[in-house]
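Chemist: take a look and give me a structure for this.
(chains A and B)
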Amino acid sequence: MKIFVTVKQVPDTSGKVAVKPDGTLDRASMATITNPDDMNAVEAALKIKDETGCRVIAVSMGPMTAESMLRELMAMGVDEGLLISGREFGGSDTYATSQIIAAGIDHYGLEPDDIIFSGRQAIDGDTAQVGPQIAEKLHIPQVSYAGEVTKAGNKLTVKRMLEDGYMTVEVETPCLITCIKELNEPRYMSVSGIDGCFDKPLIIYDYNELKDHPLIDPTTIGLKGSPTNIYKSFTPPQKGAGRMLTGSAKETAKELASVLSEKHLI
Amino acid sequence: MTKDFNSADIAAFKNVWVFCEQRGGELMPTDFELISEGRKLADELGVELCGILLGDGVDGIAKELGGYGADKVYVFNSPLLKNYTTDAYTKVICDAVEEFKPEVFLIGASNIGRDLAPRCAARLHTGLCVDCTHLDVALDGYIEFLKNSSSMDLEGMKWDSPLFDVHRNLKMTRPAFGGHLMATIVCPRFRPAMATVRPGVMQKRPFDQAKADAVQIIKPSFELAETDLKTKVTEVVKSAKKMADLIGAEYIVAVGGGIASNVDKGIALAEELAAELGGVVGASRPVIDAGWMSADHQIGQTGKTVRPKVYIALGISGAIQHKAGMQDSELIIAVNKNEAAPIFEIADYGICGDLFEVAPQLIAEIKAAKAAK
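Modeler: The predicted structure follows:
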């Protein structure tokens, strides 16, 4: 049994976000982090590793610079990194990305007692598509929005969160689970983990490695293989600044109340 | 998947579909918003609008969808469809899409819709744009939208594309990078063009009883066996406490990190102010992350999208992720100690001050103003 965790290095959109004059993101000037929900997926995998001693493999698609993220995850306890990287994969939308990652996992070897953990969504796109689409391409069941996961043999019991409550869902391996923040508290890197992280294996799959996989085809990967395209991108308008009310708390409150009253809002 | 289905044969696809989610046999409010928006798109394309409803004995609730604009509702009943499962819903929906070939397919971006839509798109081999905040088919409508909602210089902008017909393709606009950018996505080479839309974003039309009576209910035959389900739902639990009803609220008082010095008092003041206005209380992400309020109160990119008549932000700095969830409110009032807080950039009225001093005064003044009427 082994566990794959899909991870993504993302620009830190909670900090300062730089937008170039042409309306695209100035990634070079922004700090990168491991996508927050993916950290919960890593922790979910490491918890099962703590109990069973299984192998945990972090899988990412991206530029070679994503190695630094994979090394950090190894310092947390991940056993191996799998980086899918190649110019041919660039420009992929979520559909094409899912197809490529699914091919990478399948090429590595997905066995009947394996689990894949993904984060619910990445903060750069907020799409939440890649997890379910990997599961579909691998023909395995998915449970998304996992708030609790327990494992007994090959059966996982997942508390699947809804807006107004939750469902309890049972699923057997192999399966894919997407994780939310409430699932756990990601652990820190350990000192011994940091010492050992550069000795752990990092496997690179480039286009040549994966090109014979049935899911990989020039018509289904990269920009050309992506079903969706960007038609226009733009920044939202700066709304004209409103009016600042000045005076004591009582004076400003009184003025505001009269505005609401005049507009028949109270 | 049937062998002869080809999502690239775009001429074979026609009509707009809306997935109508039910929980416990009741339609979700988003269904009516999506049907209303679907009506606009169907009219722009000159085609029919169809709802697709899955459940167990749900015929009775289908007609209501007609009242908001559906011409037809396809209903699929089975005990295996009573509760949502990815496998059963994906199979029945994808089989129906392959048979009836809609060109546009809208799904609500609930926790269920966001599970279902990507799985369906992957199986059908088509494109999906999630969490859309605006949808257009007609190009002039899209340009009009950009005039109001973008900072782009539209003079001399090139609209045509050598790759696709800009007048027939669905233009799906969504926030990206936490709301820092907006992107309009198209799905030119495959059908259906799929989009999910967040609850509360689209406006519901007035209910029309005559249209509800005229709606055509269709029950196609379909195949679904227990062995198709790889997951088993053993219980569905509805939260015992009342969930914050932010979507559709006309007045919202939201609190942010500014309540940190006295959390209980800050929340109590917001509740009192909201009660005075007949509204509800929401919060920005730091309040949820700190555990001061439950996640159903969260407004913003990863929370709820709201557009009340009046939005009062108490001690909220106004990170772009928060703005993305509330900037379409009709009147925004912000109270913050920090005069440089970004929330003031979008507020109609700003008060630079301590919320613990301003809010009690505001409650008193609103009471007085109401009494004077």
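Chemist: which positions in the stretch 1-150 of chain B make contact with chain A?
Modeler: Taking C-beta under 8 Å from any C-beta of the partner chain as the criterion, the neighbours of chain A within the stretch 1-150 of chain B are B:23, B:83-87, B:90, B:110-112, B:114-115, B:117-119, B:121-123, B:125-131, B:146, B:148-150. No exception for glycine: its C-beta is placed from N, CA and C like everyone else's.
Chemist: how about 7 Å then?
Modeler: Within the stretch 1-150 of chain B, the positions adjacent to chain A are B:83, B:86-87, B:110-111, B:114-115, B:118-119, B:121-123, B:126-131, B:149-150 by C-beta under 7 Å from any C-beta of the partner chain.
Chemist: can you tell me which of those residues are in strands?
Modeler: Judged by DSSP state E, the residues of the stretch 1-150 of chain B next to chain A include B:128, B:129, B:130, B:131 as members of strands.
Chemist: who are the neighbours in contact with the second one?
Modeler: Applying C-beta atoms under 7 Å, 6 or more residues apart in numbering or on different chains, one finds that residue B:129 lies in contact with A:228, B:172, B:174, B:185, B:195.
Chemist: and it, bridged to which residues?
Modeler: Per DSSP bridges, residues listed as beta-bridge partners of residue B:129: residue B:195.
Chemist: what's the spacing between it and residue B:69?
Modeler: The span separating residue B:129 from residue B:69 equals 22 Å under the rule C-beta to C-beta, to the nearest Å.
Chemist: return the distance of residue B:222 relative to residue A:249.
Modeler: Distance from residue B:222 to residue A:249, counting by C-beta to C-beta: 63 Å.
Chemist: my bad, residue A:19
Modeler: For residue A:19 relative to residue A:249 (C-beta to C-beta), the value is 37 Å.
Chemist: and these two? which has more neighbours close in?
Modeler: When neighbours are counted by other C-beta atoms under 10 Å in any protein chain shown, residue A:249 comes out ahead of the other of residue A:19 and residue A:249, with 19 against 14.
Chemist: skipping its backbone neighbours, what lies nearest the residue nearest to the spatial centre of chain B in space?
Modeler: A centroid search over chain B (C-alpha atoms, centre = their mean) returns residue B:198, at 1.9 Å, as the residue closest to the centre. Setting aside the residues directly before and after it, residue B:198 is nearest to residue B:109 in space (C-beta to C-beta, 6 or more residues apart in numbering or on different chains), at 4.5 Å.
Chemist: for the one you found, give me the backbone phi and psi.
Modeler: Torsion angles at residue B:109 (phi, psi; degrees, to the nearest 10) stand at phi -90, psi 50.
Chemist: would you confirm that it contacts residue B:195?
Modeler: No - using C-beta atoms under 7 Å, residue B:109 is not in contact with residue B:195, being 9.0 Å away.
Chemist: compare these two (neighbour count), which wins?
Modeler: residue B:195 (28 against 23).
Chemist: quick one, what contacts the more buried one?
Modeler: Each residue near residue B:195 by C-beta under 7 Å, 6+ apart is listed here: B:106, B:129, B:132, B:135, B:170, B:172.
Chemist: pLDDT score for it?
Modeler: Note on residue B:195: pLDDT of 98.
Chemist: for residue A:132, see how far away it is.
Modeler: 16 Å.
Chemist: just residue A:103 next, same as before
Modeler: 16 Å.
Chemist: residue 237: neighbouring residues, count only.
Modeler: All of this refers to chain A. Each residue near residue A:237 was counted by other C-beta under 10 Å, and the total is 14.
Chemist: I was after chain B.
Modeler: For residue B:237, which is what you asked about, the neighbour count (other C-beta under 10 Å) is 12.
Chemist: need the helices for the stretch 1-150 of chain A, in chain order.
Modeler: Counting by DSSP state H, counting those that start in this stretch, residue ranges of the helices within the stretch 1-150 of chain A are A:36-52, A:67-76, A:94-108, A:130-137.
Chemist: quick one, which of these gets closest to chain B.
Modeler: helix A:130-137 (3.8 Å; C-beta to the nearest C-beta).
Chemist: how about the residue nearest to residue A:162 when sequence neighbours are not counted, what does it touch?
Modeler: Closest residue to residue A:162 in three dimensions, ignoring its sequence neighbours and counting by C-beta to C-beta, 6+ apart: residue B:111, at 5.2 Å. Listed by C-beta under 7 Å, 6+ apart, the contact set of residue B:111 reads A:145, A:161, A:162, A:163.
Chemist: pretty sure the last one sits against residue B:110.
Modeler: Think residue A:163. Yes - checked against C-beta under 7 Å, the pair residue A:163 and residue B:110 is within contact range at 6.3 Å.
Chemist: so residue B:280 touches residue B:250, yeah?
Modeler: No - between residue B:280 and residue B:250 no contact is recorded; they are 9.3 Å apart, counting by C-beta under 7 Å.
Chemist: and those two? Which one has more around it.
Modeler: More neighbours sit around residue B:280 than around the other of residue B:280 and residue B:250, counting by other C-beta under 10 Å; the figures are 23 against 14.
Chemist: just say helix, strand or coil for the nearest residue to the more buried one once chain neighbours are set aside.
Modeler: Nearest-residue entry for residue B:280: residue B:249, 4.7 Å, with adjacent residues in sequence omitted and distances by C-beta to C-beta, 6+ apart. When states are read from DSSP: H, G, I helix; E, B strand; the rest coil, the local structure at residue B:249 comes out as coil.
Chemist: within range of chain B, give me the residues from the stretch 1-150 of chain A.
Modeler: Residues of the stretch 1-150 of chain A found near chain B (C-beta under 7 Å from any C-beta) are A:13, A:17, A:19, A:23, A:25, A:95, A:98, A:123-129, A:132-133, A:136-137, A:141-145.
Chemist: try 8 Å
Modeler: Within reach of chain B by C-beta under 8 Å from any C-beta, the stretch 1-150 of chain A has these residues: A:11, A:13-14, A:17, A:19, A:23-25, A:93-95, A:98, A:123-133, A:135-137, A:140-145.
Chemist: narrow these to just the buried residues.
Modeler: Neighbour counting over the residues of the stretch 1-150 of chain A next to chain B (16 or more other C-beta atoms under 10 Å in any protein chain shown) leaves A:11, A:13, A:17, A:23, A:25, A:93-95, A:98, A:123-133, A:135-137, A:140-145 as the buried ones.
Chemist: other SSEs contacting the lowest-mean-pLDDT helix or strand in chain B?
Modeler: For chain B, using mean pLDDT, DSSP states H and E, the weakest element among its helices and strands is helix B:320-323, scoring a mean of 88. The contact analysis (3 or more C-beta pairs under 8 Å, 6 or more residues apart in numbering or on different chains; DSSP states H and E) places helix B:320-323 against helix B:343-346.
Chemist: for residue A:81, name its beta-bridge partners.
Modeler: Beta-bridge partners recorded for residue A:81 (DSSP bridges): residue A:58, residue A:202.
Chemist: give me the neighbour count for it.
Modeler: Applying the criterion other C-beta under 10 Å, we find 23 residues in the vicinity of residue A:81.
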